[in-house]
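1. task: produce atomic coordinates for the following.
(chains A and B)
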Amino acid sequence: MEEDRLWPQHLDEVVEEFQACFDSMERYELLFEYAKRNPSPLPPEEWDDDNQVHGCQSRAHVTSFVDEQGGFQMRGGADAQIVQGLMSVTAMAVNGMSPEEVADMEPAYAEAMGIQSSLTPSRANGFLNMFKRVREDASKLSG
Amino acid sequence: MTLDIEAIRGDFPILERRLPNGKRLVYFDNAATSQKPQCVIDAMSNYYEHYNSNAHRANHTLADEATTALEGARVRISSYFGTSPDQMIYTSGATEAINLVAYGWARENLSEGDVVVLTEMEHHADIVPWQQMSVDIGIEVRYVPIDVESYTLDMEAFEVALDGASLVCVVHTSNVLGVRNPVEKIIEKSHTAGARVLIDCAQGAPHERIDFDSLGADFVAISAHKMAGPTGIGCILVRRDAMEEMVPFMTGGSMIKRVTTEGSTFQEGHAMFETGTPRIAEAIGWGAAVEWLEQFDMKKVHEHINDIASWTASQMREIPGIRIYGDPGRDDSSGAVSFLHESIQSQDLALLLDEGGFAVRTGHHCAQPLMDALGVPSTNRASFWIYNTMEEAESFVQYLREVVDRFA
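-> Presented below is the predicted three-dimensional model:
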């Protein structure tokens, strides 16, 4: 990722789509749609204590690996669509980046999308816990 | 006299609140906690502003005023619950009240193999202490199932479970289903079988006038914060003969008569169970809350809440994908409407409702065995109280329809 960027270029279109939303409800509607577009879902049969993200009000599970090209890949699943949508966007952001880049990344895209300000502190914590888990996984997978 | 809901609402400053998104607050989370009338807020502030002092055993004016207010609240609250002050032990709420029965009565009077009967619809506060007693002293815990068609207790199963029981613990009104259990019959049958009875009235007390002496239970647990009082205070009402069988489970200051290096002697009656600095402001607040509630005919309050809940549930049943748990249409139902949508997950639904200004709760409501019995991990719950209106319910149903149309 280029130095002056806060999120990878390939996420620009997604961020702009959310920025174009009229209000919170439209943002939530879009998150529901993105929930269906998860590029790397983790189905419920693979959910366990190890991959559960704690600190979320709903169930959220994340697992990560490095692909054959050396790119970080996250797989995520949640029972709530809004969380699932956030996972989809996060997966779109991080999948394919180097683990080192993911480990250093901030969730600035969520702020730019208007998502974080829509969430109350306790709900935003759930998203941040998920993002923190992704970064921790990336850190462990870094060379 | 009909309830003047506008005047009632005027007593609650928080009901004028707008949320950060500009929406007017519609508070439908009363089973979690009720809002507080200004008089309760003022009573507590007044204590802190003008006569804050530790109570009991002091000779200065402030301590005397604090003690008078604390004990005056006990008189008022116990009278509200149809009993005398000596049968009321202040606690931090219904949870501590039930734990006091577990650790102060059951641990002293029950032993391995003795039976405690619970129900599947109990709050965790009335399950976990008994499971812990099972681990600690080997009591047997039996659970009366619910009939998942009618959402009521299986009373035939209750009769079976009662055989040989030493203690029966039943929730007066379910915080999930709103169903009011036939506690009078349960108490009668339990006593006939030789068992003592604990009734958890945390949800019942906001909805009907509990008369402890007439009810006949041995122990009744109550929380102030669900009935216009502050958080952090409640009580266990205890029949005198049952209290004589209790030992303190928290010891230290206030509850002693004399402490030496050789040992200690304890106060008698309720004083033996009230350890440390009392929750003075909270007690005063609760006293103000019952004084406020005393102006109302609780039967009319119940009818008002029941009308809103039964109408809301009937309308919600018409919304595609919505399922109601419980039977809010029953005359004795408390106003809790638990529901799920078949495709909009409960957390999502609660968040979307909050966007519309509607405060509902989502989760297992500290009743996971009940969730297991219902076959769901959680529900959404709208719970109404004295200051809610039919207009609020109408706007809720309309908004819920729009959310389902948009997101299902």
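
2. surely B:G232 meets B:G93?
-> Yes. Counting by Cβ atoms under 8 Å, B:G93 is a contact partner of B:G232 at 7.0 Å. Where C-beta positions appear, they are placed from N, C-alpha and C, glycine not excepted.

3. which of these two has more residues huddled nearby?
-> Higher neighbour count among B:G232 and B:G93: B:G93, with 22 against 18, using other Cβ atoms under 10 Å in any protein chain shown.

4. spell out which residues of chain A are next to chain B.
-> Residues of chain A found near chain B (Cβ under 8 Å from any Cβ of the partner chain) are A:24-25, A:28-29, A:32, A:57-58, A:79-83, A:123.

5. give me the common contacts of B:G232 and B:G93.
-> B:H225 (Cβ atoms under 8 Å, 6 or more residues apart in numbering or on different chains).

6. can I get the residues of chain A next to chain B in CSV including secondary structure and distance to A:W47?
-> Shown next, in CSV, are these (DSSP: H, G, I helix; E, B strand; the rest coil; distance: Cβ to Cβ, whole Å):
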residue, secondary structure, distance to A:W47
A:S24, helix, 29
A:M25, helix, 29
A:Y28, helix, 24
A:E29, helix, 26
A:F32, helix, 21
A:Q57, coil, 16
A:S58, coil, 12
A:D79, coil, 9
A:A80, coil, 13
A:Q81, helix, 16
A:I82, helix, 18
A:V83, helix, 13
A:R123, helix, 21
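
7. JSON lines for these, including pLDDT?
-> Shown next, in JSON lines, are the residues of chain A next to chain B (pLDDT from 0 to 100):
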{"residue": "A:S24", "pLDDT": "88"}
{"residue": "A:M25", "pLDDT": "92"}
{"residue": "A:Y28", "pLDDT": "92"}
{"residue": "A:E29", "pLDDT": "94"}
{"residue": "A:F32", "pLDDT": "94"}
{"residue": "A:Q57", "pLDDT": "69"}
{"residue": "A:S58", "pLDDT": "79"}
{"residue": "A:D79", "pLDDT": "89"}
{"residue": "A:A80", "pLDDT": "90"}
{"residue": "A:Q81", "pLDDT": "92"}
{"residue": "A:I82", "pLDDT": "90"}
{"residue": "A:V83", "pLDDT": "89"}
{"residue": "A:R123", "pLDDT": "70"}
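
8. show me which of those residues is closest to B:S383.
-> The closest of the residues of chain A next to chain B to B:S383 turns out to be A:Q57 (Cβ to Cβ; 18.8 Å).

9. next, count neighbours for residue 100.
-> Let's take chain A. If we define neighbours as other Cβ under 10 Å, then A:E100 has 14 of them.

10. to clarify, I was referring to chain B.
-> 25.

11. and it, how far from chain A?
-> 31 Å (Cβ to the nearest Cβ, to the nearest Å).

12. quickly list what the nearest residue to that residue once chain neighbours are set aside is bridged to.
-> Counting by Cβ to Cβ, 6 or more residues apart in numbering or on different chains, the nearest residue to B:L100 once its immediate chain neighbours are dropped is B:I236, at 5.4 Å. Here B:I236 shows beta-bridge partners B:I89, B:A221, assigned using DSSP bridges.

13. burial of B:I236, as a residue count?
-> 28.

14. my read is that it contacts B:V101, right?
-> Yes. Taking contacts as Cβ under 8 Å, B:I236 lies within contact range of B:V101: 6.5 Å.

15. which other helices and strands does the helix or strand hosting B:L198 contact?
-> In this structure, B:L198 sits in strand B:196-200 according to DSSP states H and E. The contact analysis (3 or more Cβ pairs under 8 Å, 6 or more residues apart in numbering or on different chains; DSSP states H and E) places strand B:196-200 against helix B:94-100, strand B:165-171, helix B:183-192, strand B:219-223.

16. sorry, back to before: overlap of the contact sets of B:I236 and B:V101?
-> B:219, B:221.

17. burial measure for B:G194, as a count.
-> Count around B:G194 with other Cβ under 10 Å applied: 10.

18. now do the contacts for it.
-> B:165-166.

19. before we move on, the earlier item: buried residues in the strand holding B:L198?
-> The neighbour-count check on strand B:196-200 (16 or more other Cβ atoms under 10 Å in any protein chain shown) flags B:196-200 as buried.

20. next one: stretch A:41-51
-> Quick answer for stretch A:41-51 (16+ other Cβ under 10 Å): A:41-42, A:47, A:51.

21. please report phi then psi for the residue nearest the centre of chain A.
-> By Cα atoms, centre = their mean, chain A has its centre lying nearest to A:T90, at 2.3 Å. Dihedral pair for A:T90: phi -60, psi -40, per degrees, to the nearest 10.

22. spit out the contact partners of it.
-> Here A:T90 is in contact with A:74, A:76, A:107, A:130-131, A:134 (Cβ under 8 Å, 6+ apart).

23. picking that back up, now the buried residues of stretch A:41-51 as a markdown table including secondary structure?
-> A markdown table is the format used below for the buried residues of stretch A:41-51 (DSSP: H, G, I helix; E, B strand; the rest coil):
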| residue | secondary structure |
| --- | --- |
| A:P41 | strand |
| A:L42 | coil |
| A:W47 | coil |
| A:N51 | coil |
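
24. between the residues you listed, which is nearest chain B?
-> Closest to chain B out of the buried residues of stretch A:41-51 is A:W47 (12.6 Å), distances taken as Cβ to the nearest Cβ.

25. that closest one touches A:D79, doesn't it?
-> No. A:W47 is beyond contact range of A:D79, at 9.2 Å (criterion: Cβ under 8 Å).

26. which residues are common contacts for those two?
-> A:R59.

27. sorry, back to before: okay, the strand holding B:L198 in CSV with CA atoms only?
-> Only the C-alpha atoms of strand B:196-200 are listed here, as CSV (Å, rounded to 0.1, in the frame of the first residue of the first chain):
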residue,chain,number,x,y,z
ARG,B,196,-40.5,-23.3,51.7
VAL,B,197,-41.1,-21.0,48.8
LEU,B,198,-39.0,-18.2,47.2
ILE,B,199,-40.8,-16.0,44.7
ASP,B,200,-38.7,-13.7,42.5
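
28. following the chain onward from that strand, which element is next?
-> helix B:212-215.

29. what does that next one contact?
-> Residues contacting helix B:212-215 (Cβ under 8 Å, 6+ apart): B:81-83, B:87, B:183-184, B:187, B:199, B:220, B:237.

30. switch the cut-off to 10 Å
-> Helix B:212-215 is contacted by residues B:78, B:80-84, B:87-88, B:172, B:183-184, B:187, B:197, B:199, B:201, B:219-220, B:222, B:237-239 when judged by Cβ atoms under 10 Å, 6 or more residues apart in numbering or on different chains.

31. now do the residue in the stretch 1-150 of chain B positioned nearest to chain A against B:D354, distance only.
-> Proximity of the stretch 1-150 of chain B to chain A (Cβ to the nearest Cβ) peaks at B:N21, 6.7 Å away. Counting by Cβ to Cβ, to the nearest Å, the separation of B:N21 from B:D354 is 9 Å.

32. and what of B:F407?
-> For B:F407 relative to B:D354 (Cβ to Cβ), the value is 14 Å.

33. what does B:A367 give?
-> Taking Cβ to Cβ, one finds B:A367 at 22 Å from B:D354.

34. looking at the two, which one has more neighbours?
-> Taking other Cβ under 10 Å, B:A367 and B:D354 do not tie; B:A367 has more neighbours (25 against 19).

35. that one contacts B:L177, correct?
-> Yes. Using Cβ atoms under 10 Å, B:A367 is in contact with B:L177, at 9.0 Å.

36. what is in contact with those two at once?
-> Common neighbours of B:A367 and B:L177 (Cβ under 10 Å, 6+ apart) are B:121, B:171, B:338, B:374, B:379.
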